[in-house]
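Asks: Sharing a model prediction with you, sequence too.
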Amino acid sequence: MDWLIVCSECPRTTLGLAAFVAYIVYYIAQAVKRPLFACRNSAWRAFLEQNITVLREPYWPTPWCLESRLQTFFASVARVFLPNIEYKREVLRLKDGGEVALDWHEANDRRDNPVALVLPGLTGASDSVYVIGMVLSLHKMGVSCAVLNSRGTGGMELKTTRTYCAANSDDLEEALDHIANTRPGAPVIAVGISLGGLIIGHYLTTRKEAATKRMVAAAVQSVPWNLVEGIRHIERPGLNLLFNRYLAYCLKGLVSLHHYQLQGNHPWNFEEVLKSKTVRQFDTRFTAKQFGFEDAEHYYMASTLCHKLDHIRVPFICLNSGDDLFQPMKANPFDAASRSSHVALVVTARGGHIGFMEGLWPAKSYYSERLFTQLIVSIFSNLETMKDIQKEADDHAKALEVAYGAA
């Protein structure tokens with residue numbers, strides 16, 4: 001009876017409490033879930049299930065920031081308080097005269113110390129907050145990190161007219177060769193974020209067996225497995241399109257910064273490139289022309305990885321969210337991963353694109369960083385076990401080659 005009196009006398013308070021309770025129920029029922037995990041029963045799956053305890057836990061996304069685009073935006077805002085890293089820069093001269101930079105954050109002075117080679121996203125570099133968060137997490141666990149700044153990023157001058165794209169991994173190959181030659185005996189894991197993950201995936205699917213000599217494993221995050229569907233997804237009207245236009249603005253800024261190389265008599269029209277309003281327009285006018293594709297759609301098809309998993313021969317894991325702006329849930333290759341002995345797919349219900357915030361104020365704790373830190377430390381602590389996993393991966397790939405040959 002007293003409760004009814006309170007409700008009648010304070011209707012706004014009552015409605016507020018009811019809305020709060022309803023939201024908590026919705027949050028727990030719809031957002032707090034264990035991630036979906038796809039990988040065939042294999043040595044790699046057993047290793048992940050045994051060592052990565054995060055996979056056995058539900059992901060509790062930041063309750064006031066569930067929506068995909070909010071996660072994507074605030075994940076960067078919340079990290080602004082991270083300390084800056086004093087990297088040691090190593091400039092790598094490439095075969096064609098171009099240059100990339102390896103920014104090192106060493107855990108110790110040992111040249112054979114385990115190395116995580118980190119590849120940032122579309123216009124990211126070693127000073128991107130999501131890269132800093134990952135590097136700091138790994139460094140605390142004794143892992144040396146090297147961030148690969150692509151041509152013209154991270155304060156690097158553009159030495160040739162070539163930049164970078166998702167479908168070309170030549171620069172990554174040269175960086176891996178350089179690390180192998182200068183740090184003999186150092187085990188390497190490639191860590192890719194968004195576009196960086198696509199480049200790693202392209203390297204693994206094209207270099208195949210050669211890639212097994214350069215890295216122990218690969219871990220990627222927020223990768224648009226199907227770039228054709230991913231670009232269409234961010235072309236939808238509303239906030240998706242707004243995000244699309246922001247990315248195009250960043251890409252044009254990078255091109256404008258290097259006008260001294262990119263203006264002039266080239267396959268692309270520099271002024272038209274700077275008029276691009278969307279990512280597709282930019283890729284049609286610049287990226288496709290620069291790397292020899294017919295148009296943006298041709299480039300996106302060449303960059304798509306979802307149908308190429310069988311070519312990967314290195315233990316591989318990808319963390320995506322089910323509401324990623326770039327990756328519709330249906331485009332995740334669950335079936336292909338479920339057939340593979342060494343490709344694992346982890347998909348959370350929420351998390352946005354390079355989001356994965358957790359806690360009420362996620363200044364330090366991110367689900368993605370916890371998962372990757374557990375993963376990488378476990379791999380470097382069990383290198384003999386990883387040899388067995390690699391052998392199973394080789395046997396699986398060879399069996400598929402025989403099957404394809406017979407077909």
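Replies: Received it, and whenever you're ready, just let me know what you need.
Asks: wait, residue 85 sits on residue 132?
Replies: Yes: in this structure residue 85 lies within contact range of residue 132 using CB atoms under 8 Å: 5.8 Å. Every residue, glycine included, has its C-beta placed from N, CA and C.
Asks: host element of residue 272?
Replies: helix 270-273 (DSSP states H and E).
Asks: any idea how this protein splits into domains?
Replies: As assigned by automatic domain parsing, the chain contains the domains 36-49+64-224+307-406, 227-303.
Asks: hmm, who's touching stretch 76-87?
Replies: With contacts defined as CB atoms under 8 Å, 6 or more residues apart in numbering, stretch 76-87 is touched by 103-105, 126-127, 129-130, 132-133, 135-136, 147, 357, 361-364.
Asks: so which of the domains of the chain comes closest to residue 22?
Replies: Residue 22 lies closest to domain 36-49+64-224+307-406 among the domains of the chain, at 13.8 Å (CB to CB).
Asks: Could you give the average pLDDT over the closest one?
Replies: Averaging pLDDT along domain 36-49+64-224+307-406 gives 92.
Asks: returning to that earlier point: which of the domains of the chain sits most buried?
Replies: Highest mean neighbour count of the domains of the chain: domain 36-49+64-224+307-406, a mean of 20 (counted as mean count of other CB atoms under 10 Å).
Asks: Redo the domains of the chain as CSV? Include distance to residue 26.
Replies: Formatted as CSV, the domains of the chain follow (distance: least, CB to CB, whole Å):
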stretch, distance to residue 26
domain 36-49+64-224+307-406, 9
domain 227-303, 21
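Asks: what's the offset of the helix or strand harbouring residue 201 from the middle of its chain?
Replies: Per DSSP H and E, residue 201 falls inside helix 195-207. Distance of helix 195-207 from its chain centroid, counting by CA atoms, centre = their mean, to the nearest Å, is 11 Å.
Asks: Name every strand pairing with the helix or strand that that helix is followed by and say which way it goes.
Replies: Downstream of helix 195-207, the next assigned helix or strand under DSSP H and E is strand 217-221. According to DSSP bridges, strand 217-221 has the following sheet partners: strand 188-193 (parallel), strand 316-321 (parallel).
Asks: And these: which comes nearest residue 30?
Replies: Closest approach to residue 30 among the strands paired with strand 217-221 is made by strand 316-321 (13.6 Å; CB to CB).
Asks: How far does the closest one sit from its chain's centre?
Replies: With CA atoms, centre = their mean, you get 8 Å for strand 316-321.
Asks: and if you look at stretch 296-308?
Replies: Stretch 296-308 has its C-alpha centroid displaced from the chain centroid by 16 Å (CA atoms, centre = their mean).
Asks: Out of the strands paired with strand 217-221, which is closest to residue 50?
Replies: Set against residue 50 and scored by CB to CB, the strands paired with strand 217-221 come closest in strand 316-321, at 14.0 Å.
Asks: what sits up against the closest one?
Replies: Contacts of strand 316-321 (CB under 8 Å, 6+ apart): 35, 48, 68, 71, 197, 204, 217-223, 225, 327, 332, 342-353, 355-356, 368, 371-372, 375.
Asks: Let's see that with 7 Å instead.
Replies: Outside of strand 316-321, the residues within contact range by CB atoms under 7 Å, 6 or more residues apart in numbering are 48, 197, 204, 217-223, 327, 332, 342-348, 350-352, 355-356, 368, 371, 375.
Asks: Also stretch 277-297?
Replies: With contacts defined as CB under 7 Å, 6+ apart, stretch 277-297 is touched by 162-163, 165, 167-168, 231, 235, 244-245, 247-248, 251-252, 255, 267-269, 272-273, 276, 298-299, 302.
Asks: what angle sits between the helix or strand hosting residue 384 and strand 217-221?
Replies: For residue 384, the element it lies in under DSSP H and E is helix 383-406. Relative orientation of helix 383-406 and strand 217-221, computed by axes from the mean of the first three to the mean of the last three CA atoms, to 10 degrees: 80 degrees.
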